[in-house]
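# kindly generate the corresponding structure for this input.
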Amino acid sequence: MNLLEAVKYSVDNLVRRSLRSWLTILGMVVGVIAIVVILSVSEGFNRDINTQISAFGADQMFVYPVSDLASSFSGGSSGLMTTSGKLRQKDVDDIKNIQGVKAVARSLFGRASLSFKGKNITGFIVGTDKEMFDMNPTYVEVESGRVFKNGERNVAFFGADAASKLFGKDTVHVGSVVQMNNKNFRVVGVQKRIGTSLSSSDDSSIYVTFDDAKDMFRGQFLEDEVGMIMIQ
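Model prediction:
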């Protein structure tokens, strides 16, 4: 059988068995497309994670009292975790005295009742020190206003989604006053949206000073307890 006869034979078979042929071709095309999509999604997810992790820098670490970080972590740097043991202010002071430590930031996490323009909801609150923002300038970027300073009271810095979505159509802006656990807090800044796959809790968080968080969550934590310590 020469080449011409082989081509004619193939064409005749395609015509006679057109349905089977087209199904075979379709299966091959779908298979190739599926592989390309899976590889693209995987590569995009890996790039997304690497981008978010690299934003924290190689010189930073978190201290958190968990027994199993993998099963406790719920996503985002401010995710709620199942704790094992307690961190105290003494731990913070000890870490500050370690040679090579440039900065330390404390954090407390919890939920509070929020009220704004007649809408009452529950929001995720992060109490922290200004050093946390200083350590992560590329991750926590300011969209408008500013971050709060240590020593300020009754002020708040809103994550992008917390400002734009938490209260529906009523967007929170710099200068807005939001009630948290029946106390007025003035919004001094709004964060630029992070928008990565692991940052949903951070975009939805509301940041207040560590001292305000201690008052807000009084009774839920020990007097000198610290939820998490960030170290540079």
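
# low-confidence ranges in the chain?
The chain contains residues with pLDDT under 70 at 1-7, 9-11, 13-22, 44-57, 67-84, 196-200.

# again, only this time at 90
Along the chain, segments meeting pLDDT under 90 span 1-86, 136-141, 168-170, 193-204, 219-223.

# which parts of it are strands?
With strands called from DSSP state E, the chain shows them at 61-63, 87-88, 104-116, 119-128, 142-145, 155-158, 177-180, 183-191, 206-209, 225-226, 228-231.

# ok, now which ones touch Thr128?
Shown in contact with Thr128 (C-beta atoms under 8 Å, 6 or more residues apart in numbering): Ala105, Arg106, Ser107, Leu108, Tyr207, Thr209, Phe210, Ala213. C-beta here means a position set from N, CA and C on the backbone, and glycine is covered the same way.

# mind giving me the PyMOL select for those, buried ones only?
In PyMOL syntax, the buried subset of the contacts of Thr128 is picked out as below (16 or more other C-beta atoms under 10 Å):
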select buried, resi 105+106+107+108+207+209+210+213
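
# of the contacts of Thr128, which is the nearest to Met132?
Comparing the contacts of Thr128 against Met132 with C-beta to C-beta places Ala105 closest, at 3.8 Å.

# who's that closest one bridged to?
Counting by DSSP bridges, Ala105 is bridged to Met230.

# could we number from 275 for the rest of this?
Yes, from this point I'll number from 275; that puts the last item at Ala379.

# list the contacts of it.
Thr402, Asp403, Lys404, Glu405, Met406, Met409, Ile503, Met504.

# now for the second one, how many residues are close by?
The tally of other residues near Asp403 (other C-beta atoms under 10 Å) stands at 21.

# for it, what are its contacts?
Neighbouring residues of Asp403 by C-beta under 8 Å, 6+ apart: Val378, Ala379, Arg380, Ser381, Asn424, Thr483, Phe484.

# of those, just say which sits nearest to Ser389.
Thr483 (19.7 Å).

# okay, and the beta partners of that closest one?
Under the criterion used (DSSP bridges), Thr483 bridges to Thr402.

# try Val500
Going by DSSP bridges, Val500 forms beta bridges with Leu361.

# surely it touches Asp367?
No: if you go by C-beta atoms under 8 Å, Val500 and Asp367 don't touch, sitting 10.4 Å apart.

# neighbour-wise, which of these two wins?
Ranked by neighbour count (other C-beta under 10 Å), Val500 and Asp367 place Val500 first, with 24 against 10.

# correct me, but Gly463 touches Glu415?
No: at 10.4 Å, Gly463 does not count as touching Glu415 under the criterion of C-beta under 8 Å.

# the more surrounded of the two?
A direct count of neighbours by other C-beta under 10 Å for Gly463 and Glu415 places Gly463 higher, at 20 against 14.

# for that one, give me its contacts.
Residues near Gly463 by C-beta under 8 Å, 6+ apart: Val416, Glu417, Ser418, Gly419, Arg420, Val421, Phe422, Phe431, Phe432, Val448.

# need the buried ones from these selected in PyMOL.
Selecting the buried subset of the contacts of Gly463 in PyMOL, with 16+ other C-beta under 10 Å as the burial test, is done by:
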select buried, resi 416+419+421+422+431+432+448
